[in-house]
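Asker: give me the fold of what follows.
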Amino acid sequence: MLRKLTRALFRRPAAVADNASEDAAAAHAVKPLTGGRSANMQDLDLSSATIIERQDHRISRRGISPNALKVLYRFNEAGFHAFLVGGGVRDLLLQNSPKDFDISTNATPEDIKQLFRNARIIGRRFKIVHLSFGREIIEVTTFRAHHTVANEFDTDDSRQGIRGLDSAHSTGGMILRDNVYGSINEDALRRDFTVNALYYTINQFIIIDFAKGMDDLNDRLIRIIGDPETRYREDPVRLLRAIRFAAKLDFTIEASTRAPMDRLAYLLESISPARLFDESIKLFTGGCAEATFAVLRQFKVADYLFKATLDSTSDPASPASRLLTLALRNTDTRLAAGKSVTPAFLYAAMLWPPLQDALKAANADNPPGLVDLQDAASNVIMEQLQRTAIPRRFTTAMREIWEMQCRLKPRSRRSVETILAHPRFRAGYDFLLLREEAGEDLGGLGQWWTDMQSADRSLQETMLAELDKRGPKKSKRRKPRRQDNNL
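Answerer: Numbers count the residues shown, from 1 in each chain. You can find the predicted model right below:
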């Protein structure tokens, strides 16, 4: 009897039943906080919203991650309101495949932690809860509210004073703490762009639109919610997000949203290099790196990310510019094929043009050697670190890819065998091919290494023997002249 009662209380809806992971099972084995009363849409004030009925939109549960659906149903069973929101809803409406699914709810992070055993609260500026289902993470946030500037700190003040505060701003308008919770109405207007402020619910399967996001989606516009300058000052990274979404979706940035962007580009100086690195990776790993860089060039914010690269690629016909374009295009191709990309290779291509300029300036008359390249690489990386942080594991890989360009000149059997065994050989070889495709005259070096890898052992031996013949002959050591002790 007890077993039947337990099953009745905690059974999952048939619409989302599948082979659940252990994490999913744990998420459902929690007692509802509200005695089992399901969330009721009548509890919400939707008088200012536009409701798009199920038959009037394209979203189907078949396009939503099963784990995201489980989370939505679990919140609903526990008496909380929960909505799919952000890029997931936007991409489903555009008939694209969402990269991830975010959920917004009236449950606090502590409520979520109690409701889901697989929950982890992260973030200080704004608390976010990650629900882990194997390799998939569902991001859950609590409805945010507008809050007055009760705690204001000077831009140069220590951040020690804001610990434990739920609300804090800098004197420049940047939000330092944003953990004041409110209603769905307030949450919608706190979001960045109208097309990201659409809420989908499994309760009646409707879409709720508080900011005319559907109109902008149909008109293919990126429009910021509220006063653009105020919103950019609250979080300057929104400048980069506007560019990223415009490039990714092939949308136009709405006029008033675009107007202050160049004037406020300097606000990115207040963002930590570590966060700018993360944002730069998002810019170029969304599947449209080539288009994103083209859009980025149109704005002054680009100077706060890749000033040296922009200066070195002002001539689009130069080999350096073409190499960067090919590297970005190759990134898009790999992602489209479901392959991985590494920030090390991406940054190696991004900083190759300024590295070449630095080598030319230091060695105008002589071809640069390995030591010259290493010195120039240090200087270029140090300059870039002033703008975007790059983790050491990536800078180490970048250096190895660059150094491999010198080492890939075959000199002897021993050097070839050493290079082929190098863990960074493949990345260095791919980079070499990009250089040749971009127009650099490397004397057929790429083809030589292609042949070396594809040849059978007999042909490889012939190629290596040719190297040994061309290599410098060892000079015979002169015997020391015998001393005549009789003199």
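
Asker: tell me how far the residue nearest to Ala145 when sequence neighbours are not counted lies from Ala188.
Answerer: The shortest distance from Ala145 to any non-neighbouring residue, by Cβ to Cβ, 6 or more residues apart in numbering, is to Gly182 (2.5 Å). Every residue, glycine included, has its C-beta placed from N, CA and C. The gap separating Gly182 from Ala188 is 10 Å, by Cβ to Cβ, to the nearest Å.

Asker: neighbour-wise, which of these two wins?
Answerer: Ala188 (26 against 16; other Cβ atoms under 10 Å).

Asker: if I look at that one, how far off is Arg58?
Answerer: 21 Å.

Asker: ditto for Ser38
Answerer: 26 Å.

Asker: so for these two, which sits in the more crowded spot?
Answerer: Ser38 (14 against 10).

Asker: am I right that that one sits in a helix?
Answerer: No. Under DSSP: H, G, I helix; E, B strand; the rest coil, Ser38 falls outside any helix and is assigned coil.

Asker: so who does it touch?
Answerer: Shown in contact with Ser38 (Cβ atoms under 8 Å, 6 or more residues apart in numbering): 76-77, 79.

Asker: just the ones of those in helices?
Answerer: 76-77 (DSSP state H).

Asker: got the buried residues for stretch 276-283?
Answerer: 276-277, 279-281, 283 (16 or more other Cβ atoms under 10 Å).

Asker: out of those residues, which is nearest to Phe293?
Answerer: Leu283 (7.9 Å; Cβ to Cβ).

Asker: now do the strand or helix carrying that closest one: which elements does it pack against?
Answerer: Take DSSP states H and E as the rule and Leu283 turns out to sit in helix 273-284. Under the contact definition 3 or more Cβ pairs under 8 Å, 6 or more residues apart in numbering; DSSP states H and E, helix 273-284 sits against helix 237-249, helix 289-296, helix 303-312, helix 343-362.

Asker: rerun that using 6 Å as the cut-off
Answerer: With contacts defined as 3 or more Cβ pairs under 6 Å, 6 or more residues apart in numbering; DSSP states H and E, the packing partners of helix 273-284 are helix 237-249.

Asker: can you list contacts of the helix or strand following the helix it packs on?
Answerer: Scanning forward in sequence from helix 237-249 by DSSP H and E, the next helix or strand is strand 252-253. Contact with strand 252-253 is made by 221-222, 242, 246, as judged by Cβ atoms under 6 Å, 6 or more residues apart in numbering.

Asker: now whichever strand or helix holds Ser104 - C-alpha only, CSV.
Answerer: Assigned by DSSP H and E, Ser104 belongs to strand 102-105. Output of strand 102-105 as CSV, limited to C-alpha atoms (Å, rounded to 0.1, in the frame of the first residue of the first chain):
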residue,chain,number,x,y,z
ASP,A,102,17.1,28.2,-19.7
ILE,A,103,14.3,28.3,-17.2
SER,A,104,12.9,31.1,-15.1
THR,A,105,10.8,30.6,-12.0
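
Asker: parallel or antiparallel, list what pairs with it.
Answerer: Applying DSSP bridges, strand 102-105 is found paired with strand 82-85 (antiparallel), strand 136-142 (parallel).

Asker: average pLDDT across it?
Answerer: Mean pLDDT, computed over strand 102-105, is 96.

Asker: for the next helix-or-strand element following it, give the mean pLDDT please.
Answerer: In the C-terminal direction, the helix or strand that comes right after strand 102-105 (DSSP H and E) is helix 109-115. In this model, helix 109-115 has an average pLDDT of 93.

Asker: for helix 109-115, buried residues please.
Answerer: Buried residues in helix 109-115 (16+ other Cβ under 10 Å): 109, 111-112, 115.

Asker: likewise for stretch 63-80?
Answerer: Buried residues in stretch 63-80 (16+ other Cβ under 10 Å): 64-80.

Asker: work out for me the element Ser132 sits within.
Answerer: strand 128-133.

Asker: whoops, I mixed them up, Ser415
Answerer: Going by DSSP H and E, Ser415 is in helix 413-420.

Asker: I'd like the next helix or strand past that helix.
Answerer: Following helix 413-420 toward the C-terminus (DSSP H and E): helix 425-437.

Asker: quick one, that next one and helix 413-420 angle?
Answerer: Angle, helix 425-437 to helix 413-420, by axes from the mean of the first three to the mean of the last three Cα atoms, to 10 degrees: 100 degrees.

Asker: okay, buried residues for the following helix or strand past helix 425-437 please.
Answerer: Scanning forward in sequence from helix 425-437 by DSSP H and E, the next helix or strand is helix 445-454. Neighbour counts over helix 445-454 (16+ other Cβ under 10 Å) mark 445-446, 448-449, 452 as buried.

Asker: and the residues you listed, which is closest to Pro98?
Answerer: Of those, the one sitting nearest to Pro98 (Cβ to Cβ) turns out to be Gly446, at 38.5 Å.

Asker: surely the closest one meets Leu434?
Answerer: No. Here Gly446 does not reach Leu434: they are 9.2 Å apart, not a contact under Cβ atoms under 6 Å.

Asker: and the helix holding Leu283, what's its mean pLDDT?
Answerer: Here the average pLDDT along helix 273-284 is 95.

Asker: same check, this time on stretch 119-126
Answerer: Rounded mean pLDDT across stretch 119-126 is 81.

Asker: end-to-end on it?
Answerer: Taking Cα to Cα, to the nearest Å, the first and last residues of stretch 119-126 lie 16 Å apart.

Asker: now it, how far from the chain's geometric center?
Answerer: 19 Å (Cα atoms, centre = their mean, to the nearest Å).

Asker: run through who's touching that stretch.
Answerer: Counting by Cβ under 6 Å, 6+ apart, 109, 112-113, 127-131, 178 sit against stretch 119-126.

Asker: nearest to Ser318 among those?
Answerer: For these, the nearest to Ser318 is Ile128 (43.0 Å; Cβ to Cβ).

Asker: show me the beta-bridge partners of that closest one.
Answerer: Ile122.

Asker: give me the low-pLDDT residue ranges for this protein?
Answerer: 1-37, 124-125, 146-179, 364-365, 470-487 (pLDDT under 70).

Asker: recalculate using a threshold of 80.
Answerer: 1-40, 42, 123-126, 145-180, 363-368, 410-411, 468-487 (pLDDT under 80).
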